[in-house]
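*Asks:* requesting a structural model of the entry that follows:
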Amino acid sequence: MGGLLGLQVADLPLQLGEWLVGNFDPDMMALKLCNGSYMSITTQDVARVLGLPNGPLPISERDGPHVSPELRAWREEIKHRKGKITVKALVTQMLELKGGGEWFRRHLSVVVVSTLIASVSNGYANQKTVHMFRDVDRITDLDWCGYLLRSLVVAHGHWTQDRTRKFMGPLLFLILLYADRVVVGGRDVPRSIPTLNGWTTELLKAREAREITAQGFGQGMLDDPPHPTDFHAPSVEASLTGQPIRLNTEPGTLQPGPTLGTPQGFAQLFESKTGDLVLVATQVADMVRQNPNQAYGDHNFKRLPRHPIF
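*Replies:* Okay, the predicted model is just below:
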């Protein structure tokens, strides 16, 4: 999930988001555009957009109130008997793990679920999949992409029943997929795998404003999905687990970062990226501890992904 380190989106364009959810067809697994065409949505789209692993092991959610040994251990680790911890508080605890390690990776996985896949309306971390992260070495073998699409269908069903309630599904994925595949006038950022690289809060909101002042959403040209051969990349997996691959503005030219497609290469890259993340997290945590009042009042401290409310 190293591609998520390139995420620069803190707030989402809500009007565009609401239109996308309203035009999502769960039976067709597609977005309906204004010209009558449909944009299909697949697990490969999830992998290309967010860089999430598309492994063979399905992700299951816990049954109701059942507390597995893994969930109990996680609750003890975060020191919340019932696991009622906000995502921000969980991130703070995660940043205190200066050496990284297994709990850092478990906490990170919970944060990914809670912010990008299946949020909880009360702002707490989603505990439904904690049992899946027992073996941290198998986290990248999980079917994150299939789980995201199932969560999309479930969240859409809940929202359709009552459109005054929050949409708790993977809205960032829908927005980024649409922004990449539906071209309005020209491309705002060069295409890359994963798509999230290059997009920012400001760029997405500017895209929303441009479509609002034009003819409305869904009026652009539907482009084909980016394909690894377009980048002359060795494989989808290599690009998703390595550095982002970008196209120049000139067709056929390539600006690849280093890609490592072998298991050994992935392990090296993941270790490097995790080490970078831990280093930065440690520095940020130290700054917060030394100047808590300034930190909590700073807008950058608040730039954790927040789920929108329609």
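*Asks:* I figured Trp103 was touching Leu97, is that so?
*Replies:* Yes. Using Cβ atoms under 8 Å, Trp103 is in contact with Leu97, at 6.0 Å. In short, each C-beta sits where N, CA and C put it, glycine included.
*Asks:* just checking, Leu176 touches Leu50?
*Replies:* Yes. Counting by Cβ under 8 Å, Leu176 touches Leu50, with 7.5 Å between them.
*Asks:* okay, and the common contacts of those two?
*Replies:* Common neighbours of Leu176 and Leu50 (criterion: Cβ atoms under 8 Å, 6 or more residues apart in numbering): 195-196.
*Asks:* for stretch 142-158, list every residue counted as buried.
*Replies:* Neighbour-count burial for stretch 142-158, counted by 16 or more other Cβ atoms under 10 Å, picks out 142-152, 155-156.
*Asks:* any low-confidence regions in the stretch 201-310 of the chain?
*Replies:* For the stretch 201-310 of the chain, the stretches with pLDDT under 70 are 228-292, 295-296, 298-310.
*Asks:* using JSON lines, lay out the buried residues of stretch 142-158 together with distance to Gly169.
*Replies:* Converted to JSON lines, the buried residues of stretch 142-158 look like this (distance: Cβ to Cβ, whole Å):
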{"residue": "Leu142", "distance to Gly169": "18"}
{"residue": "Asp143", "distance to Gly169": "17"}
{"residue": "Trp144", "distance to Gly169": "14"}
{"residue": "Cys145", "distance to Gly169": "14"}
{"residue": "Gly146", "distance to Gly169": "14"}
{"residue": "Tyr147", "distance to Gly169": "12"}
{"residue": "Leu148", "distance to Gly169": "9"}
{"residue": "Leu149", "distance to Gly169": "10"}
{"residue": "Arg150", "distance to Gly169": "10"}
{"residue": "Ser151", "distance to Gly169": "6"}
{"residue": "Leu152", "distance to Gly169": "5"}
{"residue": "Ala155", "distance to Gly169": "3"}
{"residue": "His156", "distance to Gly169": "6"}
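*Asks:* against Asn23, how distant is Val182?
*Replies:* To Asn23, Val182 is 11 Å away according to Cβ to Cβ, to the nearest Å.
*Asks:* overlap in contacts of those two?
*Replies:* 33, 218.
*Asks:* the helices in the stretch 151-300 of the chain, which residues?
*Replies:* Here the stretch 151-300 of the chain has its helices, by DSSP state H, counting those that start in this stretch, at 171-181, 201-213, 236-241, 263-290, 292-297.
*Asks:* keeping just the C-alphas, turn the first one into PDB.
*Replies:* What that stands for is helix 171-181. In PDB, the C-alpha atoms belonging to helix 171-181 read as follows (Å, rounded to 0.1, in the frame of the first residue of the first chain):
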ATOM      1  CA  LEU A 171     -16.000   8.200  -2.100                       C
ATOM      2  CA  LEU A 172     -12.400   9.200  -2.800                       C
ATOM      3  CA  PHE A 173     -12.000   6.200  -5.100                       C
ATOM      4  CA  LEU A 174     -15.100   7.200  -7.100                       C
ATOM      5  CA  ILE A 175     -13.900  10.800  -7.400                       C
ATOM      6  CA  LEU A 176     -10.400   9.900  -8.500                       C
ATOM      7  CA  LEU A 177     -11.700   7.200 -11.000                       C
ATOM      8  CA  TYR A 178     -14.100   9.700 -12.500                       C
ATOM      9  CA  ALA A 179     -11.500  12.500 -12.600                       C
ATOM     10  CA  ASP A 180      -9.000  10.300 -14.500                       C
ATOM     11  CA  ARG A 181     -11.400   8.500 -16.900                       C
END
